[in-house]
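Trainee: sequence-free structure coming up:
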Ligand SMILES: [Ca+2]
Ligand SMILES: [Ca+2]
């Protein structure tokens, strides 16, 4: 049987007790012509390159046959009118636009013979994980703050099946409630024939060194035999939403907002081989804007309720049973007509 120019799983070739006893690859039986074999599996384009990022092409991973003369030159053609001849097996190239390219490599041997191979390279945009919107504005104490994490610019050829990230926040400003799964990966799980659906993994850490943070992982499950079928996720979508409660707000419109970063760490985006693809991350910022100094109940308006708060504490000071620090609007440690005056001046104010 003629089985030349095959890859046997190892550069030393197939194992045969007499014809190739040092071969570490798959075993070949008798009556098999296996010389020359390939010394590497042609896999250096397994990962899609991304636009404008240098990619190293390494000819030592080419399917060059064994038992040939030494190589004197490598000729690379990148399918974009870019041909380079080099004596070094490694070359770095970057592609300027998205699309498919035929990359050709010609090895020239000392005896002037050549060996050519090619591969199609599909160049994609670099996807990114992002807190969306990037700036999350809150205006009401005790309101629900939703932090979405999205994946963007994903190409189906990247065969993504899992996304993981940890989001850090400030626990004096935000109280963690829960995580809800986003529609994006769930939709593709529902479209993949045989997929057992999507799975959400999450854990909230309250204390250092891992907290306060919440870690989230969403995985499209394979079919019953452990494989994923197309269609693979493509474009942009929400992976998961973290729900917080806004637990701190200042009063006094002149004050800057209370802010904290929504930082991502422990991120991972990987494909159906479990291999991480290249991606970027964009963190977010949470901002809680102050309400009016006379808005004693933090409901975004100054009305009769705020009058009642001040009236109920009228004439009090710290230590007295009616004392309510919220009603001491000017902060002079007593609730008196000056505080009523501020409410009166602001009466009818509604957060614009
Ligand atoms: Ca109010
Ligand atoms: Ca006062």
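Mentor: Everything's here; your move. Owing to the predicted nature of the structure, the values given are computational and were not obtained by experimental measurement. Numbers count the residues shown, from 1 in each chain. Ligands and ions are numbered 1, 2, ... in the order given.

Trainee: OK, contacts around the residue of the chain positioned farthest from its centre?
Mentor: What lies farthest from the middle of the chain is residue 315; by Cα atoms, centre = their mean that is 56.4 Å. The contact partners of residue 315, taken as Cβ atoms under 8 Å, 6 or more residues apart in numbering, are 322, 335-336. All C-beta atoms are positioned from the backbone trio N, CA, C, and that covers glycine.

Trainee: do residue 267 as well
Mentor: Contacts of residue 267 by Cβ under 8 Å, 6+ apart are 129, 164-166, 279, 281.

Trainee: How much space separates the residue nearest to residue 223 when sequence neighbours are not counted from residue 152?
Mentor: The shortest distance from residue 223 to any non-neighbouring residue, by Cβ to Cβ, 6 or more residues apart in numbering, is to residue 194 (3.0 Å). Relative to residue 152, residue 194 is positioned 28 Å away (Cβ to Cβ, to the nearest Å).

Trainee: out of these two, which sits in the busier spot?
Mentor: residue 152 (17 against 12; other Cβ atoms under 10 Å).

Trainee: Please name the nearest non-neighbouring residue to the more buried one.
Mentor: residue 236 (4.4 Å).

Trainee: what helix or strand does that neighbour sit in?
Mentor: Using DSSP states H and E, residue 236 maps to strand 235-246.

Trainee: quick one: that strand to chain centroid distance?
Mentor: 13 Å (Cα atoms, centre = their mean, to the nearest Å).

Trainee: How about residue 84: what's its closest non-neighbour residue?
Mentor: Nearest to residue 84 is residue 76, by Cβ to Cβ, 6+ apart, at 4.9 Å.

Trainee: from the chain's centre, how far out does the strand or helix carrying the one you found sit?
Mentor: Per DSSP H and E: residue 76 is located in strand 71-77. Strand 71-77 sits 38 Å away from the centroid of its parent chain (Cα atoms, centre = their mean).

Trainee: In contact with the residue in the stretch 101-250 of the chain that ligand 2 sits nearest to, which residues?
Mentor: Relative to ligand 2, the nearest point of the stretch 101-250 of the chain is residue 250 (17.2 Å; Cβ to the ion). Contact partners of residue 250, counting by Cβ under 8 Å, 6+ apart, are 258, 288, 290-291.

Trainee: In which helix or strand does residue 339 reside?
Mentor: helix 337-346.

Trainee: what about that helix and ligand 2, any contact?
Mentor: Yes. Helix 337-346 lies within reach of ligand 2 by Cβ under 5 Å from the ion, at residue 339.

Trainee: who touches that helix?
Mentor: 292-294, 296, 302, 306-307, 310-311, 314, 327-330, 332.

Trainee: circling back: could I get the contacts of residue 315 as TSV with pLDDT?
Mentor: Below are the contacts of residue 315 laid out as TSV (pLDDT from 0 to 100):
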residue	pLDDT
322	94
335	97
336	97
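
Trainee: filter the residues you listed to the buried ones?
Mentor: 335-336 (16 or more other Cβ atoms under 10 Å).

Trainee: mind putting the contacts of residue 315 in CSV, distance to residue 347 included?
Mentor: Putting the contacts of residue 315 into CSV (distance: Cβ to Cβ, whole Å) gives the following:
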residue, distance to residue 347
322, 22
335, 17
336, 18
